[in-house]
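> okay, sequence plus prediction incoming.
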Amino acid sequence: MDRLKIAILGIVHQKGLDFLKNKNFEVFEINNFEAEYLKEKLEFVDGILLRTSKLNEDILKHCTKLKIISRHGVGYDNVDSDYLNKKKIALGITSKSNAVSVAEHVMAFFIYLTKNLSSSDHLVRQGNFKKKSELPDFFELYEKKVLIIGFGRIGKEVAKRCHGFDMKVYVYDPFLKNNLIESHNCIPIEKNEGLALADYITIHLPLNENTKDFISKSELNFMKKNAVIVNTSRGGIINELDLYQALDKKLIKSAGIDVFDTEPPDPSHLFFKLDNILLTPHNAALTLECRKRMSVEAAENIYYFLEDKNKLNSENLVNKDFLQD
Ligand code: NAD
């Protein structure tokens, strides 16, 4: 019998590849993401392990044997999920892998944007150790108010770490019951009320039609002058032009941004003009530990879905309701 064919789109940690190869699948890697190439190469694949390249209907309709796409990550805005639902093709995510890594990235942003780390380092290297009192004021996270927007896997991990710093943790997530939020020692709050009181704001939402421009001019106007905002979720959730203007006019203190409207951002991007923003290249979940976990979890999704459904983590199948007859 022909072996099932699995395409790996993008570079993943070897552990995931080894897992699939040991299961006797025919595994091949693709690093050319041009539509015509993908249409040809993906025609007979049974499964796709997908990093960040886009798979739209135009490409997917050429995949005549496809049964599962397993995302290396939890966001799936790079896949046409409506098409997959219509065709009853499974869509997997790696729900257990990346929350910790992203939550640590958020804390790194908070600390960097609070502690003058870069200017302190610069001062020491310049031989100006004794001029430390000339550095601008810097602050503590202790007892500051943090607003977590979106209290799913990542939001909850961020809350734990904020509690470790004795911060007061507020949560906006209208899809959850207040008592669930309270059971995590957090305070449920409405969006605008939370934006108005928070010293730190961190966003953990999926990108969809309801969350596009979730933070724009009017929301930025609610925030405190000392507010620090961090986005590790998806570009487009904060309106980039509005954020640029708020930072430029010092309406808020600073921002940490891991995700952009267009990735990579254009070299003339407005954010590059600012010195009160810290930018990272969508790598919040790319610690070595996390890359290993994601590659294995994404590979397991494929194997279990195709060969051993009882072992599949059903939390990882985002469109399970569409797969039934
Ligand atoms: P999740 O699905 O576990 O949680 C999302 C939460 O957002 C849910 O609790 C949901 O109720 C809430 N929510 C949805 N719409 C909302 C709205 N309009 N207002 C308020 N709350 C709303 O997702 P997660 O695993 O925590 O991941 C969050 C996002 O982070 C992902 O969608 C992904 O895009 C992004 N992400 C980025 C990276 C990175 O490398 N930067 C890594 C992992 C995930």
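On my side now, so go ahead. Numbering: from 1, shown residues only.
> isn't I201 right up against A227?
Yes - using C-beta atoms under 8 Å, I201 makes contact with A227 at a distance of 6.3 Å. C-betas here are computed from N, CA, C, even on glycine.
> and the two? which has more neighbours close in?
The residue with more neighbours, out of I201 and A227, is I201; 26 against 23, by other C-beta atoms under 10 Å.
> pLDDT at the more buried one, what is it?
Listed pLDDT for I201 reads 99.
> same question for M1.
On the pLDDT scale, M1 gets 70.
> for it, give its distance to N24.
Note on M1: its distance to N24, by C-beta to C-beta, to the nearest Å, is 10 Å.
> comparing those two, which residue is more hemmed in?
Comparing M1 with N24 by other C-beta under 10 Å, the one with more neighbours is N24, at 10 against 3.
> list the residues that contact that one.
If you count contacts by C-beta atoms under 8 Å, 6 or more residues apart in numbering, N24 has them with R3.
> which ones are touching F109?
V228, V230, T232, G256, D258, L278.
> typo on my end, it should be F214
Applying C-beta under 8 Å, 6+ apart, the residues near F214 are I149, I203, L205, I237, I238.
> near the ligand, which residues of the stretch 1-150 of the chain show up?
By C-beta under 6 Å from any ligand atom, the part of the stretch 1-150 of the chain that sits against the ligand consists of G73, V74, G75, N98, A99, V102, I149, G150.
> which stretches in the stretch 1-150 of the chain count as helices?
14-22, 35-41, 57-60, 81-86, 99-112, 117-125 (DSSP state H, counting those that start in this stretch).
> and those, which is most packed in?
Of all the helices of the stretch 1-150 of the chain, helix 99-112 carries the top mean neighbour count, a mean of 21, counting by mean count of other C-beta atoms under 10 Å.
> just want the angle from that helix to helix 117-125.
60 degrees (axes from the mean of the first three to the mean of the last three C-alpha atoms, to 10 degrees).
> if we can go back for a sec, which among the contacts of F214 count as buried?
I149, I203, L205, I237, I238 (16 or more other C-beta atoms under 10 Å).
> any chance of these in TSV with secondary structure as columns?
Shown next, in TSV, are the buried ones among the contacts of F214 (DSSP: H, G, I helix; E, B strand; the rest coil):
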residue	secondary structure
I149	strand
I203	strand
L205	coil
I237	coil
I238	strand
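> the residue of the stretch 101-250 of the chain found nearest the ligand: neighbour count?
Nearest residue of the stretch 101-250 of the chain to the ligand: G152, at 1.8 Å (C-beta to the nearest ligand atom). The tally of other residues near G152 (other C-beta under 10 Å) stands at 17.
> is it true that it touches I181?
No - contact between G152 and I181 fails when scored by C-beta under 8 Å: they sit 11.8 Å apart.
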